[in-house]
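Asks: just the structure for this:
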Amino acid sequence: MPLVRGQTARPLLSVGDALISRGAAGSGVVLGLVETGKLSSDAASTDLERVRDMLKWISGSDYEHPGRPSMEVEVRFSSDAPATIRAAVVEYSCSAVVLGYPWLAAPGRQRLRSICEALLNPAPADLLLVRPALAAPEAALAPRSILVAVRGGPHERLMASVVRAFAHVARSKVTLVHVSRPSDHRDRRRHSLEDLQKFADGLKGVDVSIKMEESPSPMTLVLELSSKHDMVLVGSHLDPEAPDRILSPALRQLMSRCTATVILGYSAAAQDWQAT
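Replies: From the prediction side, this is the model:
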């Protein structure tokens, strides 16, 4: 599970730390890239050492605690970041990739789009996009309360693993919510409630509550509910058939306007699920 460092190293490492501590991932790799560009060999060598030392300090000193396996630090030169990241994911047989999602005003959106394209065609691992909280974008994550938007589909296994991980390391209280539209048939509502209960039943030992809500704009309601929580988890609408559209408009609104930490997950199994 490589953690690709951007401007939000601590939040990303928090996700990896939680997954490793809970046993959802056996080990972690912190991947740092030194983009070659027009660097001289001496400058490139200096940058390589600087990046390696920084990542070792962040992944070691900042996150060192008893019982936690350390993360391996891998630093590579690259003239093509998306291709280098995908190659590392395949080489390490990673189960998940954690990427930072920048705020609207921050640079890096185009780079993220290119990396997602490389990781979705086809997907070699699960993908987690982390958009840190507005108030503390560089802080480690220790959410007291988590809101999970449950909509069914192939991403729920991944979302459940993240929920269990943070509930384990941060003792988070978890609220599962499903938002139906007024036009939804009663049978669909019943199945949604059953899915919600099944999700909750799979979170053994977690302080969890469930809510069924109704709104003509489900993501708008999720955005409103998010103000009472430290973290929001939601399954992604990433579409490997349209990699230039990283998020649906509704999810883009959530990622841009929610002030809490947002973790958006895309399961590699979604491609098989979509094909059936």
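Asks: what residues of stretch 164-176 count as buried?
Replies: Buried residues in stretch 164-176, defined by neighbour count with 16 or more other C-beta atoms under 10 Å: 164-170, 172-176. No exception for glycine: its C-beta is placed from N, CA and C like everyone else's.
Asks: now, these that are in helices?
Replies: Within the buried residues of stretch 164-176, residues falling in helices by DSSP state H are 164-170.
Asks: list the buried ones in whichever strand or helix holds Val34?
Replies: Using DSSP states H and E, Val34 sits within strand 29-35. By neighbour count on 16+ other C-beta under 10 Å, the buried set for strand 29-35 is 29-34.
Asks: parallel or antiparallel, list what pairs with that strand.
Replies: In the sheet, strand 29-35 lines up against strand 2-4 (parallel), strand 72-78 (parallel) (DSSP bridges).
Asks: that older thread, dump the buried residues of stretch 164-176 to a markdown table, plus pLDDT and distance to Ser114.
Replies: Formatted as a markdown table, the buried residues of stretch 164-176 follow (pLDDT from 0 to 100; distance: C-beta to C-beta, whole Å):
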| residue | pLDDT | distance to Ser114 |
| --- | --- | --- |
| Arg164 | 94 | 32 |
| Ala165 | 93 | 28 |
| Phe166 | 94 | 29 |
| Ala167 | 92 | 34 |
| His168 | 90 | 34 |
| Val169 | 90 | 32 |
| Ala170 | 93 | 32 |
| Ser172 | 95 | 33 |
| Lys173 | 96 | 37 |
| Val174 | 97 | 34 |
| Thr175 | 97 | 35 |
| Leu176 | 97 | 34 |
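Asks: sketch out the low-pLDDT regions of the stretch 101-250 of the chain for me.
Replies: By pLDDT under 70, the low-scoring segments of the stretch 101-250 of the chain are 104-109, 238-246.
Asks: can you rerun that using 80?
Replies: 103-111, 121, 152-153, 237-248 (pLDDT under 80).
Asks: which residue ranges form the strands in it?
Replies: 126-131, 145-149, 173-180, 208-214, 231-235 (DSSP state E, counting those that start in this stretch).
Asks: from the contact counts, what lies against the third one?
Replies: Contact here means 3 or more C-beta pairs under 8 Å, 6 or more residues apart in numbering; DSSP states H and E; on that basis strand 173-180 packs against strand 145-149, helix 186-201, strand 208-214, helix 218-225.
Asks: out of those, deepest packed?
Replies: Stretch with highest mean neighbour count among those: strand 145-149 (a mean of 23; mean count of other C-beta atoms under 10 Å).
Asks: quick one: strands adjacent to that strand?
Replies: Applying DSSP bridges, strand 145-149 is found paired with strand 173-180 (parallel), strand 231-235 (parallel).
Asks: adding distance to Asp187 as columns, could you present these in CSV?
Replies: CSV is the format used below for the strands paired with strand 145-149 (distance: least, C-beta to C-beta, whole Å):
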stretch, distance to Asp187
strand 173-180, 12
strand 231-235, 22
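Asks: Arg151 contacts His237, correct?
Replies: No - assessed by C-beta atoms under 8 Å, Arg151 is found out of contact with His237, at 9.7 Å.
Asks: what secondary structure does Leu264 sit in?
Replies: strand (DSSP: H, G, I helix; E, B strand; the rest coil).
Asks: burial of it, as a residue count?
Replies: 26 (other C-beta atoms under 10 Å).
Asks: name the nearest residue to Gly28, ignoring sequence neighbours.
Replies: Closest residue to Gly28 apart from its sequence neighbours, by C-beta to C-beta, 6 or more residues apart in numbering: Met71 at 3.9 Å.
Asks: so that neighbour touches Ser27, yeah?
Replies: Yes - using C-beta under 8 Å, Met71 is in contact with Ser27, at 7.4 Å.
Asks: what sits in contact with each of the two?
Replies: Common neighbours of Met71 and Ser27, using C-beta atoms under 8 Å, 6 or more residues apart in numbering, are Ile20.
Asks: now do the contacts for the residue nearest to Gly205 when sequence neighbours are not counted.
Replies: Excluding the flanking residues, the one nearest Gly205 by C-beta to C-beta, 6+ apart is Ala167, at 7.6 Å. Ala167 sits next to 146, 174, 203, 205-207 when contact means C-beta under 8 Å, 6+ apart.
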